[in-house]
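**Q** Based on what follows, work out the 3D shape:
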Amino acid sequence: MTLKKFIGGLVGFCILIIVIIIGLDRWISYKTAPYIYHDVDKLPHRAIGVVLGTSKYVQGGGINGFYRSRIEGAINLYWQKKVDYLILSGDNALLSYNEPITMKKDLIKAGIPQESIVLDYAGFRTLDSVVRANKVFNADDFTIITQEFHCERAIFIALAQGIQAQCFAVPSPSSMKLVRIREIFARVKAFIDLYILDNQPKYLGPAMPIITDDQ
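**A** Predicted coordinates for the structure are as follows:
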């Protein structure tokens, strides 16, 4: 094989990989669109809402726009009676960094009763949060609360796991270019986790079912 043919083959292979990655990204968006809502008035009621965690503050100080919108969305859905309970799912890796506790404090400040809040300390990634809501907290049909791009990946995971879920898409910050690029690769990883490696949540533990009026 000549160097020219080798380079041509390598370029062709790279183009194919890029096409596959972009195609997977678009396919996930298309597949999950029917389960994503932007208008709270059109969102069907579900007993349980799952707020996907993120850091409250950005590097250098200031409130993280992703966090603010998710908390405001959760508060809105609760008072609009679109959800009765809120699972706050996030990372709890360090004593100084606890996403569920941070979210809980802000929800309680907004007047949401403590008995309507459930903490999931093992939501280390989106797959963990979605699967644990079903297997640990016995949520058979629930509303995920996060930004639209994240909704798409979360619903994709739910569908692959046979979990009924819908998602309420809260506003995203204006600067999204780098986040959206990172999301493309996160979707590739999610596909590999689900369909190739069959990865499961890092930690499940005992079942802690939430008893709702719907049960």
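**Q** Report the residue spans of the chain with pLDDT below the cut-off.
**A** Scanning the chain for pLDDT under 70 picks out 1, 93-96, 214-215.
**Q** 80 instead?
**A** Counting by pLDDT under 80, the ranges of the chain that qualify are 1, 3-6, 8, 60, 93-97, 175, 211, 213-215.
**Q** What is the longest helix that the chain contains packed up against?
**A** In the chain, taking DSSP state H as the definition, the longest helix is helix 3-32. Where contact means 3 or more C-beta pairs under 8 Å, 6 or more residues apart in numbering; DSSP states H and E, helix 3-32 is packed against helix 148-160, helix 177-195. For every residue, glycine as well, the C-beta is placed using N, CA and C.
**Q** contact partners of the first one?
**A** Surrounding helix 148-160, the residues in contact under the criterion C-beta atoms under 8 Å, 6 or more residues apart in numbering are 28-29, 31-33, 35-36, 38, 52, 126-127, 129-131, 144, 146, 163-169, 172, 176, 179-180, 183, 186-187, 190, 194-195.
**Q** just the longest one next, same as before
**A** By C-beta under 8 Å, 6+ apart, the list of residues contacting helix 177-195 from outside reads 21-22, 24-25, 28, 126-127, 149-150, 152-153, 156-157, 160-161, 172, 199.
**Q** Buried residues, that helix. List them.
**A** For helix 177-195, burial by neighbour count (16 or more other C-beta atoms under 10 Å) applies to 183, 186-188, 190-191, 193-194.
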